[in-house]
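Chemist: model this:
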Amino acid sequence: MLTIVDYGVGNLHSVKNMLKKAGVISIISNSPDEVANASKLILPGMGAFDNCMEKLDESGLRQIVEQKAMTEKIPVLGICVGLQMFMESSEEGVLPGLGWVKGRTIRFNPEKMRDRQKIPNMGWNEITPKKDSRLLQNLEDSRFYFAHSFHVQPEEIKDELMTAHYGYEFTVGIEKDNLVGVQFHPEKSHRFGMQLLKNFGENY
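Modeler: All right, here's what the predicted structure looks like:
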């Protein structure tokens, strides 16, 4: 069963509703047994990085989620701060990340922005795929909804799945083995987000 991890953070019901529209059955759960029995996981995230890490620790689900991701290697999709949690650290906080992907999360650098764009980045952006992926099937010329001030910076370029441009090119998607993550909100991205979630639900 595709399970959306309920550790107290994120647009859980919006994600579930978009999956339902895409024809993908899922559950929202904070039950250790249900998370342990999941065939796929979605790790959502919203707000501050440290708060998300603290909530995951307090939920009692972190060890199970890590077992599923790193030992059993089931497919895991991180959304927004959920993706940022995959990394080793974040400039937004002091707590370490999960460390599943080498790299860190950094704040948008206004000095690199030629047009002095506003931070946070709020709105729609087109994405540029950097490699072939089952997650991106039928998503040519797609765009997604963003709401963030920080973005991931992978250490290894092979882990970068897609980029977008906001003042400068930055990473908006990661794919490493069974792990995929997106900076944008597929649950707010209409037909493009529905297709992406359908791809995760059916193709992984």
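
Chemist: which SSE is immediately downstream of the longest strand out of those in the chain?
Modeler: Ranked by residue count and defined by DSSP state E, the top strand of the chain is strand 169-176. The helix or strand immediately downstream of strand 169-176 is strand 179-182, counting by DSSP states H and E.

Chemist: where do the strands of this structure begin and end?
Modeler: Using DSSP E, strands in the chain cover 2-5, 26-29, 40-43, 76-79, 89-90, 103-107, 121-126, 128-129, 143-148, 150-154, 160-165, 169-176, 179-182.

Chemist: please name the nearest non-neighbouring residue to Lys112.
Modeler: Using C-beta to C-beta, 6 or more residues apart in numbering and skipping the chain neighbours, the partner closest in space to Lys112 is Tyr168 (4.7 Å). All C-beta atoms are positioned from the backbone trio N, CA, C, and that covers glycine.

Chemist: measure the one you found to Gly8 for me?
Modeler: Here Tyr168 is placed at a distance of 34 Å from Gly8 (C-beta to C-beta, to the nearest Å).

Chemist: same question for Gly78.
Modeler: Gly78 is 16 Å from Gly8, where distance means C-beta to C-beta.

Chemist: so the residue nearest to Lys112 makes contact with Met113?
Modeler: Yes. Between Tyr168 and Met113 there is a contact at 6.4 Å, judged by C-beta atoms under 8 Å.

Chemist: coming back round to it: what angle separates the longest strand of the chain from strand 143-148?
Modeler: 100 degrees (axes from the mean of the first three to the mean of the last three C-alpha atoms, to 10 degrees).

Chemist: can I get strand 169-176 in CSV, CA atoms only?
Modeler: Extracted C-alpha coordinates of strand 169-176, given in CSV (Å, rounded to 0.1, in the frame of the first residue of the first chain):
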residue,chain,number,x,y,z
GLU,A,169,19.1,27.5,-12.3
PHE,A,170,18.5,25.4,-9.2
THR,A,171,17.7,21.8,-8.4
VAL,A,172,14.0,21.0,-8.0
GLY,A,173,14.2,17.2,-8.2
ILE,A,174,16.4,14.4,-6.9
GLU,A,175,16.4,10.7,-8.0
LYS,A,176,18.8,8.3,-6.3
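
Chemist: what residues does it touch?
Modeler: Applying C-beta atoms under 8 Å, 6 or more residues apart in numbering, the external contacts of strand 169-176 come out as 78, 83, 86, 100-101, 108, 125, 127-128, 131, 133, 135, 144, 146, 151-154, 159-164, 180-184.
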